[in-house]
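*Asks:* Need the 3D shape of this:
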Amino acid sequence: MRNNECMKCELHAIMRNIECMKCELHTIMRSNECPKCELHTIMRNFECMKCELHTIMRNIECMKCELHTIMRNIECMKCELHTIMRNIECMKCELHTIMHSNECPKCELHTIMRNIECMKCELHTIMRNIECMKCELHTIMRNNEYMKCELHTIMRNIECMKCELHTIMRNNECMKCELHTIMRNNECMKKELHTIMRNNECMKCELHTIMRSIECMKCEFHTIMRNNECMKCELHTIMRNNECMKCELHTIMRNNECMKCELHTIMRNIECIKCELHIIMRSNECPKCELHTVMRNNECPKCELHAIMCNIECMKCELHTVMRNNECPKCELHAIMCNIECMKCELHTIMRSNECPKCELHTIMHNIECMKCELHTVMRNIECMKCELHTIMRSNECPKCELHTGMRYNECPKC
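*Replies:* Next comes the predicted model:
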């Protein structure tokens, strides 16, 4: 308060004992306090902002250190030669390494370092006291040491290569022994007939085997051996004492045995196949019995007329039925059976003893019976209709009597 007036403190000032006090430089204002910004921070818009990693503070600004420098006591210091920077520290590269893009890549194996460069030693040399030394003849380099190649090996591309099995060594070359030979004292020796080589030994092949590419191969099942060849027995044969024997007709082969097929079966692809129901066997075939037949003693007898087949039996249809698709449907009412067919009786007929007799004139059909119309009626649409009063009946018509006539005994007499 000044001169009995309320005055606002300036920006970046706090109030102490009814006085406005300005916060010092590099401080911020928080809850009427002036806390100091931490080390390595700058003030922006009354906020303390931390300088980024690998920067120093100059005149309340954050300045980035140059590449390949570290920060010491808020100063940028250059790393020494042959060092790299790791986590704001200068780290010396190890021996036998070079410096590349702030990395210390190790020189490859079998290299020496010259003028901070990795130089590869020539082929077939070892490294001694940062020098490349040439290996002796018929030696290889292993873990930077000379190693003499073993016996029965040749040298290929700074490697000792063992000669393959069944080879001999001649003038630093591996020479393969011919087929059907064994190796003895670095010599190839011919072996006996029908023998194979196992662990450089001659072994005789077993019985029922042939020799193929230095291997004894067992002949497959159902084969015999002829002139060092496996010959397959023909279909439907068994093998007996290195001979193929043919099975009899209507038999199959099981476990090198001939087995007879059961009754009512045929042979298909060396299998016994049972003939289906309603089938007979003919010449190793299963022909199906025709429709409307049954199977009796391997024969197909035909069912009688007006009979159907039920559970492989012929069953006769009842009276007044027809045969349809192996069914016996009953003929409809007012129908008769004619030549195993249901025939409907004509209009104005009745059914008697599988006949359709016509009803007499001036009758109608009622409950499958012919009934006579009453006197003085005519028949209309299978109905009896009574003639009106003062009419007579003529030829199933009801003509009216003329004027000035009477009616007597179905006649119109004149008055």
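*Asks:* Contacts only, for residue 70.
*Replies:* By C-beta atoms under 8 Å, 6 or more residues apart in numbering, the contact list for residue 70 reads 54, 76-77, 79, 85, 88-90. For glycine as for every other residue, the C-beta is placed from the backbone atoms N, C-alpha and C.
*Asks:* so it is in which element?
*Replies:* Using DSSP states H and E, residue 70 maps to strand 69-72.
*Asks:* Given that strand, what are its sheet partners and their directions?
*Replies:* strand 75-78 (antiparallel) (DSSP bridges).
*Asks:* Using the record's domain definitions, break the chain down for me.
*Replies:* Following automatic domain parsing, the chain resolves into domains at 1-50, 292-344.
*Asks:* Show me what the mean pLDDT comes to for the first one.
*Replies:* In this model, domain 1-50 has a mean pLDDT of 82.
*Asks:* now do the last one
*Replies:* Confidence over domain 292-344, taken as the mean pLDDT, stands at 71.
*Asks:* can you pull out the helices in the chain?
*Replies:* In the chain, no helices are found when defined by DSSP state H.
*Asks:* Pick out the residue nearest the middle of it.
*Replies:* Centroid-nearest residue in the chain, with C-alpha atoms, centre = their mean: residue 269, separated by 31.4 Å.
*Asks:* Let me see the contact set for it.
*Replies:* If you count contacts by C-beta under 8 Å, 6+ apart, residue 269 has none.
*Asks:* Now do the phi/psi pair for residue 116.
*Replies:* The phi and psi torsions at residue 116 (degrees, to the nearest 10) take the values phi 50, psi 30.
*Asks:* okay, now the closest residue to it other than its chain neighbours: neighbour count?
*Replies:* Nearest residue to residue 116, sequence neighbours excluded (C-beta to C-beta, 6 or more residues apart in numbering): residue 98, at 5.5 Å. Neighbourhood size, residue 98 [other C-beta atoms under 10 Å]: 16.
*Asks:* Also residue 140?
*Replies:* Residue 140 is flanked by 19 other residues according to other C-beta under 10 Å.
*Asks:* repeat for residue 383
*Replies:* Using other C-beta under 10 Å: residue 383 sits among 11 other residues.
*Asks:* so how far is residue 364 from it?
*Replies:* As defined by C-beta to C-beta, to the nearest Å, residue 383 lies at a distance of 6 Å from residue 364.
*Asks:* got it, and residue 355?
*Replies:* 19 Å.
*Asks:* and the two? which has more neighbours close in?
*Replies:* Neighbour count, other C-beta under 10 Å: between residue 355 and residue 364, residue 364 has more, with 18 against 10.
*Asks:* Name the residues linked to that one by a beta bridge.
*Replies:* residue 371.
*Asks:* which residues sit in contact with it?
*Replies:* Per C-beta under 8 Å, 6+ apart, neighbours of residue 364: 348, 370-371, 373, 379, 382-384.
*Asks:* Out of these, who's the most crowded?
*Replies:* residue 373 (18 neighbours).
*Asks:* Not counting residues beside it along the chain, what's closest to it?
*Replies:* Per C-beta to C-beta, 6+ apart, closest to residue 373 is residue 384, 3.8 Å.
*Asks:* pLDDT at the one you found, what is it?
*Replies:* Looking at residue 384, the pLDDT reads 82.
*Asks:* now the one 4 residues further on
*Replies:* Confidence at residue 388, expressed as pLDDT, is 80.
*Asks:* which ones are touching it?
*Replies:* Here residue 388 is in contact with 398, 400 (C-beta under 8 Å, 6+ apart).
*Asks:* got it, and the one 3 residues further on?
*Replies:* When contacts are counted by C-beta under 8 Å, 6+ apart, residue 391 touches 398-401, 407.
*Asks:* and if you look at residue 175?
*Replies:* Applying C-beta under 8 Å, 6+ apart, the residues near residue 175 are 167-169.
*Asks:* give me the beta-bridge partners of it?
*Replies:* Residues in beta-bridge contact with residue 175 (DSSP bridges): residue 168.
*Asks:* how near is it to residue 133?
*Replies:* 33 Å.
*Asks:* how about the strand holding residue 70 as CSV, C-alpha atoms only?
*Replies:* Extracted as CSV, the C-alpha positions of strand 69-72 are listed here (Å, rounded to 0.1, in the frame of the first residue of the first chain):
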residue,chain,number,x,y,z
THR,A,69,33.9,-33.7,-27.1
ILE,A,70,32.8,-34.2,-23.5
MET,A,71,31.6,-31.8,-20.9
ARG,A,72,33.9,-31.1,-17.9
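*Asks:* residues of it that come out buried?
*Replies:* Using 16 or more other C-beta atoms under 10 Å as the test for burial, strand 69-72 gives 69-71.
*Asks:* do stretch 67-86 as well
*Replies:* Neighbour counts using 16+ other C-beta under 10 Å place 69-71, 79, 83-85 of stretch 67-86 among the buried residues.
*Asks:* How far off centre is that stretch?
*Replies:* Per C-alpha atoms, centre = their mean, to the nearest Å, the displacement of stretch 67-86 from the mean C-alpha position of its chain is 63 Å.
*Asks:* Quick one: end-to-end distance for that stretch.
*Replies:* Terminal residues of stretch 67-86 are spaced 12 Å apart (C-alpha to C-alpha, to the nearest Å).
*Asks:* Then stretch 38-48?
*Replies:* 8 Å.
*Asks:* which of the residues in that stretch are buried?
*Replies:* 41-42, 48.
*Asks:* What's opposite residue 71 in the beta bridge?
*Replies:* Beta-bridge pairing for residue 71 (DSSP bridges): residue 76.
*Asks:* List the contacts of it.
*Replies:* Neighbouring residues of residue 71 by C-beta under 8 Å, 6+ apart: 54-56, 65, 77, 88.
*Asks:* let's go with 7 Å and repeat that
*Replies:* Neighbour list for residue 71: 54, 56, 65, 88 [criterion: C-beta atoms under 7 Å, 6 or more residues apart in numbering].
*Asks:* Format the buried residues of strand 69-72 as TSV; extra columns: distance to residue 274 and pLDDT.
*Replies:* Formatted as TSV, these follow (distance: C-beta to C-beta, whole Å; pLDDT from 0 to 100):
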residue	distance to residue 274	pLDDT
69	98	80
70	96	78
71	98	77
